[in-house]
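Chemist: just to be clear, the model below is a prediction. Sequence and coordinates:
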Amino acid sequence: MASLTEELVLIPGGEFLMGSDSEGDHRPVHKVYIDSFYMDKYEVTNAQYLRFCQEAGHRLPEFWGRDDFRCGPDYPDYPVVGVSWSDAVAYAAWCGQRLPTEAEWEYAARGGLVGRNYPHGDTLEPPDGNYNKSGKGGPVAVGSYPANGYGLHDMQGNVVEWVGDYYAADYYSSSPAANPRGPASGRFRVIRGGGWHSGPYCNRVYYRNALPPNWVDFNVGFRCVKDIEY
């Protein structure tokens, strides 16, 4: 097992109101308790993922070498894209980590704010994150925008992020009250947080989407979490 020196942020456990009662699969709003955990301060970068591929003998991302997607060794501090859910799981295991649950991701993205649309409040403007109106035309180096209340960067914009859960549109109506981990099975895996190619609505902290686990996308990357050992 390899160990990397990613910067991890302690996310303190607690309760929060997950979801939104607006139209869509993110309702009803429901109270969820989350245990404390560590989360990557930044999205996994090209440099980090390349080291994994070299040391573990894993295949390179789908778009490796593409300047338009800032994917390759010339962009070491940019978030990796073109990786499937299975690729992300393999990287996390190699690091002794895992993907966040959907609930952990939203709890962390909110950064302690209650009932807000975005990690910084109720509005999203180009200075807040890298989304489709920011004019960047692709990912930017991680940490280029302000951190949220928990010290996490790019929880809105830059790249959409894989999480661990299977997807079900009606999951919130039966979700456990403590540390939910998603449905037991399904065809798709959840992705969270908008990316550089996403519009403002898709960057909302409660917005849910999903893709087949073998899908690779120029707008999708990931970050990892680590359980606290007691």
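Modeler: Thanks, I have the structure now.

Chemist: from now on I want contacts and neighbour counts done on CA atoms only, so please keep to that.
Modeler: OK.

Chemist: spatially central residue for the protein, please.
Modeler: By C-alpha atoms, centre = their mean, the chain has its centre lying nearest to residue 161, at 3.2 Å.

Chemist: check what pLDDT residue 4 gets.
Modeler: Looking at residue 4, its pLDDT reads 42.

Chemist: show me the helices in this structure, by range?
Modeler: Assigned by DSSP state H, the helices in the chain fall at 46-56, 85-94, 102-110.

Chemist: and the longest one with helix 85-94, angle?
Modeler: Here helix 46-56 runs at an angle of 80 degrees relative to helix 85-94 (axes from the mean of the first three to the mean of the last three C-alpha atoms, to 10 degrees).

Chemist: dump the residue contacts of residue 186.
Modeler: Going by C-alpha atoms under 8 Å, 6 or more residues apart in numbering, residue 186 touches 166, 167, 168.

Chemist: that should have said residue 97, apologies.
Modeler: Residue 97 is in contact with 224, 225, 226, 227, counting by C-alpha under 8 Å, 6+ apart.

Chemist: got the CA coordinates for the longest strand anywhere in the chain in CSV?
Modeler: The strand spanning the most residues in the chain, taking DSSP state E as the definition, is strand 160-166. Backbone C-alpha positions of strand 160-166 (Å, rounded to 0.1, in the frame of the first residue of the first chain) are rendered in CSV as follows:
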residue,chain,number,x,y,z
VAL,A,160,-17.5,17.2,-10.7
GLU,A,161,-16.5,14.5,-8.2
TRP,A,162,-17.3,10.8,-8.0
VAL,A,163,-18.6,9.6,-4.6
GLY,A,164,-19.0,6.1,-3.3
ASP,A,165,-22.8,5.6,-3.4
TYR,A,166,-25.1,3.9,-5.8
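
Chemist: now what about it, what contacts it?
Modeler: Residues from elsewhere that reach strand 160-166 (C-alpha under 8 Å, 6+ apart): 85, 88, 98-102, 105, 181-195, 219-223.

Chemist: for residue 230, report the pLDDT, please.
Modeler: Value for residue 230, per-residue pLDDT: 78.

Chemist: state the distance from it to residue 70.
Modeler: Using C-alpha to C-alpha, to the nearest Å, residue 230 is found at 39 Å from residue 70.

Chemist: who's more crowded, these two?
Modeler: Set residue 230 next to residue 70 and count neighbours by other C-alpha atoms under 10 Å: residue 70 wins out with 25 against 3.

Chemist: apart from its chain neighbours, what residue comes closest to the more buried one?
Modeler: Once flanking residues are discounted, residue 70 sits nearest to residue 139: 6.4 Å by C-alpha to C-alpha, 6 or more residues apart in numbering.

Chemist: and the one you found, what does it touch?
Modeler: 69, 70, 78, 79, 130, 158, 159, 195, 196.

Chemist: same check on residue 75?
Modeler: Counting by C-alpha under 8 Å, 6+ apart, residue 75 touches 46, 47, 141.

Chemist: only the buried subset of the residues you listed, as a ChimeraX command please.
Modeler: Only the buried entries of the contacts of residue 75 go into this ChimeraX selection, using 16 or more other C-alpha atoms under 10 Å:
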select :46,47,141
